[in-house]
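Asker: I'd like to go over a predicted model; first the sequence, then the structure.
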Amino acid sequence: MISLKSSATSMSMDIFLINEPKATIRKRMKPYTPPSKMNQTEKRYAGQLEMMKRSGQILDYRYESMRFKVGEGAWYKPDFLVVFKDRFELHEIKGGFIRTPAMVRFKAAMLLYPWFKWKMVQWKSGEWNVIKEN
């Protein structure tokens, strides 16, 4: 094992050499990850946002463009940042089932960052339902 430390990026990594030409690298600091691909429910909601944008109801929207620290080592990334003429809203999109950790992180972000309008929307029984908002 070879340990490398870089003061310029304040990131350290361990390189494990294997008997193959490739080396496995384990980073201790998470690098930036670009937005992931949308699931089907998020694509459906993005379609609705696109119609709202074309009709002038919203100015714009972005997918997974912000990340919020909600605890020690815990982060929350809302699905959509929605830009209105007078405010920003952060929308979390859910399908038929909402897991408890997702709801806890959403509520924590809502409490820690009250400057935004937060909205959790669920696609259930063929329609959008607002589950939680401030």
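Answerer: Okay, I see it.
Asker: Can you pull up the most central residue in this protein?
Answerer: Compute the mean C-alpha point of the chain, and by CA atoms, centre = their mean the closest residue is K77, 2.4 Å away.
Asker: how close does that residue sit to R67?
Answerer: Distance of K77 to R67, given as CB to CB, to the nearest Å: 5 Å. For the C-beta atoms, the positions are set from N, CA and C on the backbone; glycine is no exception.
Asker: ditto for W115
Answerer: For W115 relative to R67 (CB to CB), the value is 16 Å.
Asker: which of these two has more neighbours?
Answerer: Higher neighbour count among W115 and R67: R67, with 13 against 6, using other CB atoms under 10 Å.
Asker: any idea where the strands of the protein begin and end?
Answerer: For the chain, the strands defined by DSSP state E occupy 2-6, 11-17, 23-27, 60-63, 68-71, 74-76, 80-83, 88-94, 117-124, 127-133.
Asker: For the nearest residue to F84 once chain neighbours are set aside, give its distance to R87.
Answerer: Once flanking residues are discounted, F84 sits nearest to I58: 5.6 Å by CB to CB, 6 or more residues apart in numbering. Using CB to CB, I58 is found at 10 Å from R87.
Asker: Show me which of the two is the more surrounded one.
Answerer: Between I58 and R87, counting by other CB under 10 Å, I58 is the more crowded of the two (17 against 10).
Asker: contacting residues for the more buried one?
Answerer: Going by CB atoms under 8 Å, 6 or more residues apart in numbering, I58 touches L49, M52, V82, V83, F84.
Asker: Would you map out the domains in this protein?
Answerer: Following automatic domain parsing, one finds the domains of the chain at 1-31, 40-133.
Asker: What residues of the longest helix along the chain count as buried?
Answerer: In the chain, ranked by residue count with DSSP state H as the criterion, the top helix is helix 40-55. Neighbour-count burial for helix 40-55, counted by 16 or more other CB atoms under 10 Å, picks out T41, E42, Y45, A46, L49.
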